[in-house]
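In: Quick one: sequence and predicted model below, then my questions.
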Amino acid sequence: MATTDATVEDSQLTALVWDDLAARELLPAEHAVDMGYTSAALLVQAMTTYDVTLLGPMRASTSRQAGRDDGFDLSAFTIDFDNQQAICPAGHTSGKWREETSRGAPVIRLAFRKRDCGPCPLRPRCTTAAIGLRQLTIRPKAQHEALERARREQLTDDWKERYKIRAGVEGTISQAVRAGIRRTRYLGLNKTHLANALSAAAINLIRLDAWLTQTPLGATRVSHFARL
């Protein structure tokens, strides 16, 4: 049980959870999380540092091209990290490769040449700029490849079947929320954390009792609107 300020993002806790589990020699082979606890960097860190497969949905691309059925988003480009260039759907290679830092994270910015982008017949599907060229911002090689692979896998039936195990976690969270765990009666993180820890222990006992007494699982709730 971790209690933080509301401004702390979920993804900042993922590695701390792994550290805590590693200290107890309880690291799983596969860790099922929701979207708040995933990122390209964490996909790589999970495998390289902890030997854990991070199982959770990755955010889809938010680029303008990804929002079009026929648009060329990042997945339409072939990234050649060895030669530091990208190849577009029309077969043109990028002319600029620059490693930078964005919001404290390493990124690579690429740009194609005007002489290639200007007359390209695929331009409307690639960029909406009246003049100029297509530019890309990508992550370092390991992160880029892990992210693209994860986005492809989460569309498969096999991945969706594996991820069904997350339903048990969501059920536990729902049970805690209905018990009022999202509100605290105390001031300060220390007192709030103690209350959270006691609430979590109580939920464990309630669920253990339900298992021992073979209490049937609750049915999926249907909203009043859905019933209409």
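Out: Everything's here; your move. Numbering: from 1, shown residues only.
In: Could you pull out the helices in this protein for me?
Out: For the chain, the helices defined by DSSP state H cover 11-23, 40-50, 114-117, 123-126, 141-153, 157-163, 166-178, 189-212, 224-227.
In: and the angle from the first one to helix 40-50?
Out: Right, the one you point to is helix 11-23. 10 degrees (axes from the mean of the first three to the mean of the last three C-alpha atoms, to 10 degrees).
In: can you pull up the bridge partners for residue 111?
Out: Taking DSSP bridges as the rule, residue 111 bridges to residue 96, residue 135.
In: Surely it touches residue 95?
Out: Yes - if you go by C-beta atoms under 8 Å, residue 111 and residue 95 touch, sitting 6.4 Å apart. The way it works is simple: take the backbone N, C-alpha and C, and place the C-beta from them, glycine included.
In: on that earlier part again, save the helices of the chain as TSV, and put in mean neighbour count, distance to residue 57 and mean pLDDT too.
Out: Output for the helices of the chain, formatted as TSV (neighbours: other C-beta atoms under 10 Å; distance: least, C-beta to C-beta, whole Å; pLDDT from 0 to 100):
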stretch	mean neighbour count	distance to residue 57	mean pLDDT
helix 11-23	14	13	93
helix 40-50	18	12	95
helix 114-117	16	33	90
helix 123-126	16	26	89
helix 141-153	17	9	94
helix 157-163	12	8	95
helix 166-178	13	9	85
helix 189-212	13	25	90
helix 224-227	6	23	82
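In: Out of those helices, which is closest to residue 64?
Out: Among these, the nearest to residue 64 by C-beta to C-beta is helix 123-126 (10.2 Å).
In: So for residue 146, what's the nearest residue that isn't a sequence neighbour?
Out: residue 43 (4.2 Å; C-beta to C-beta, 6 or more residues apart in numbering).
In: How about residue 2?
Out: residue 13 (5.7 Å).
In: got a list of what that neighbour touches?
Out: 2, 4, 37 (C-beta atoms under 8 Å, 6 or more residues apart in numbering).
In: ok, the second one - how many residues close by?
Out: Pointing back at residue 4 there. By the criterion of other C-beta atoms under 10 Å, residue 4 has 14 neighbours.
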